[in-house]
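Enquirer: I need the structure of the sequence given here:
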Amino acid sequence: MIKDLLRETKKSILFLGETTIVRAVTKILSREENVFIVDTSNEIAGDGDIPHHCMGDARRMMVKSLQNQAGVMIECVQNHTPSVMVIDEIGRTREVEAAQTSRNCGVRMIASAHGDLRSLIKNKEIHGFLGGLETVMLGDAEAKGLQKKNGSKTINKQLTLRAATPIFDIIIELKRGRLHEWHVIEDTAKAVDNILSGQMYDIQKRMSCIESGKIYVE
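Expert: Below you'll find the model as predicted:
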């Protein structure tokens, strides 16, 4: 469904809503990349001595508890120099910081989290994955100009903006039980900016025919 995004780009991808899909993604990427899985509670590779075949050629670092996940992410970067890091159910402030550090070191991030893009923006603990938010104060002229542009009846001198470049370049929204239909947001930064300014954002809908296996894009 997204082999083009996996193989033809080096962009980091966050899967929202359905976390099990990262297993298949890991197997695909491990054929060509140095992939490490930060595996909390053995969710991806299983709890046996021999990792599940879904890992492909990827290697894993086991994490005993969620409290240690961010630390193991940093350890992975420092000791193993992965080209790709895979994390299942990422979702705490320390992991935002660890993911940013990993990206700064040139590591491609593949992760999953619960919710959707709009709920992630509202989550103060982890909206750093999307670049974080900041509030700025506008002068009178700027506020009136924005009011006119948006057609608003009130003047608002406070404006919420994206603070930095998102950690994840691409967002893919999935719904449990509907894995034949994926909503792909190819430009996280632009989508977040549009939402904050009250505008619509672009979604590419990708669907697979259950009977024929063909992929359709809208």
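Enquirer: gap between residue 59 and residue 82?
Expert: Remark: distance between residue 59 and residue 82 (C-beta to C-beta, to the nearest Å) = 8 Å. Every residue, glycine included, has its C-beta placed from N, CA and C.
Enquirer: Who has more neighbours out of those two?
Expert: Taking other C-beta atoms under 10 Å, residue 59 and residue 82 do not tie; residue 82 has more neighbours (23 against 15).
Enquirer: Per-residue pLDDT of the more buried one, please?
Expert: pLDDT for residue 82: 96.
Enquirer: Go ahead and confirm it touches residue 106.
Expert: No. Assessed by C-beta atoms under 8 Å, residue 82 is found out of contact with residue 106, at 9.8 Å.
Enquirer: List the buried residues in the helix or strand of the chain with the lowest mean pLDDT.
Expert: Lowest by mean pLDDT, DSSP states H and E among the helices and strands of the chain is helix 140-150, with a mean of 74. Within helix 140-150, the residues that count as buried by 16 or more other C-beta atoms under 10 Å are 143, 146.
Enquirer: how far is that helix from where the chain is centred?
Expert: Computed by C-alpha atoms, centre = their mean, to the nearest Å, the chain-centroid distance of helix 140-150 equals 33 Å.
Enquirer: do stretch 70-81 as well
Expert: On the basis of C-alpha atoms, centre = their mean, stretch 70-81 sits 19 Å off its chain's mean C-alpha point.
Enquirer: Helices of this structure, start to end?
Expert: All helices of the chain, identified by DSSP state H, fall at 3-7, 22-29, 69-80, 93-104, 117-122, 140-150, 188-196.
Enquirer: Now the weakest link among the ones you listed, please, by mean pLDDT.
Expert: helix 140-150 (a mean of 74).
Enquirer: Restricting to C-alpha, output that helix in CSV.
Expert: Extracted in CSV, the C-alpha atoms of helix 140-150 (Å, rounded to 0.1, in the frame of the first residue of the first chain):
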residue,chain,number,x,y,z
ASP,A,140,-3.2,45.7,16.3
ALA,A,141,-2.5,45.9,12.6
GLU,A,142,-1.5,42.2,12.3
ALA,A,143,-4.6,41.1,14.3
LYS,A,144,-6.9,43.2,12.1
GLY,A,145,-5.3,41.9,8.9
LEU,A,146,-5.8,38.3,10.1
GLN,A,147,-9.4,39.1,11.0
LYS,A,148,-10.1,40.4,7.5
LYS,A,149,-8.3,37.4,5.9
ASN,A,150,-10.3,34.8,7.9
